[in-house]
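J.: okay, structure incoming, though there's no sequence with it:
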């Protein structure tokens with residue numbers, strides 16, 4: 001069963017992490033690739049789990065060098081992104097290199113986070129956005145980064161593991177409507193969160 005919470009005991013020293021950083025990153029890369037799902041040309045879902053968030057915390061501690069006082073802040077920021085057993089959690093990024101096109105796109109995606117969905121068979125589950133900050137500004141511009149979770153009931157969790165049931169991940173915003181079928185390998189990886 002996947003671990004559901006990160007504690008200080010799960011972290012190693014900056015010195016140990018620096019020594020094993022490359023190995024740990026390389027070991028996690030195949031799983032991260034299965035958890036990275038592009039929707040259309042500009043949006044990517046990065047599904048998080050215990051291992052991705054521990055790595056993120058270790059990276060932040062190493063880079064920022066905040067020492068012991070920083071640990072509590074990093075745990076508070078990243079532990080909520082670990083799925084708790086009945087959900088999938090994702091960081092959703094709108095990734096557009098060209099600055100002018102990015103601004104135009106973000107201005108056209110007001111309340112983008114309300115249009116992210118997971119469809120399991122004939123059941124559509126909309127994402128619940130983290131409420132840590134408003135993601136749409138007064139001028140209608142959405143953020144380029146969103147943190148969301150998909151809460152699944154027991155029936156949806158069961159169907160998620162059934163290869164006969166099609167699972168779609170998508171966006172149904174009027175200015176960005178794209179979806180994709182989850183691959184069997186990504187489904188198997190994400191099912192470890194449930």
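T.: It's in. None of these values were measured; they are calculated from a predicted model. Residues are numbered from 1 along each chain as shown.

J.: when you work out contacts or count neighbours from here on, use the C-alpha atoms and nothing else.
T.: Will do.

J.: center of this protein, which residue is that?
T.: residue 90 (1.9 Å; Cα atoms, centre = their mean).

J.: before we move on, which element is it in?
T.: Assigned by DSSP states H and E, residue 90 belongs to strand 87-94.

J.: and that strand, average pLDDT?
T.: For strand 87-94, the mean pLDDT works out to 97.

J.: that strand pairs with which strands, parallel or anti?
T.: If you go by DSSP bridges, strand 87-94 pairs up with strand 43-48 (antiparallel), strand 145-151 (antiparallel).

J.: ok, the residue nearest to the centre of the chain touching residue 145?
T.: No. Counting by Cα atoms under 8 Å, residue 90 does not reach residue 145; the two are 10.3 Å apart.

J.: circling back to that earlier point, the residue nearest to the centre of the chain - nearest residue in space that isn't next to it in sequence?
T.: residue 47 (4.1 Å; Cα to Cα, 6 or more residues apart in numbering).

J.: can you give me the strands for the chain?
T.: Assigned by DSSP state E, the chain shows strands spanning 36-39, 43-48, 87-94, 116-120, 123-126, 128-129, 145-151, 167-173, 176-181.

J.: let's have the ones you listed in TSV, adding distance to residue 109.
T.: Formatted as TSV, the strands of the chain follow (distance: least, Cα to Cα, whole Å):
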stretch	distance to residue 109
strand 36-39	15
strand 43-48	12
strand 87-94	10
strand 116-120	12
strand 123-126	16
strand 128-129	15
strand 145-151	12
strand 167-173	7
strand 176-181	8
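
J.: closest one to residue 192 among those?
T.: strand 87-94 (9.7 Å; Cα to Cα).

J.: what does the closest one rub up against?
T.: Outside strand 87-94, the residues that touch it by Cα atoms under 8 Å, 6 or more residues apart in numbering are 42-49, 81-83, 144-152, 190, 193-194.
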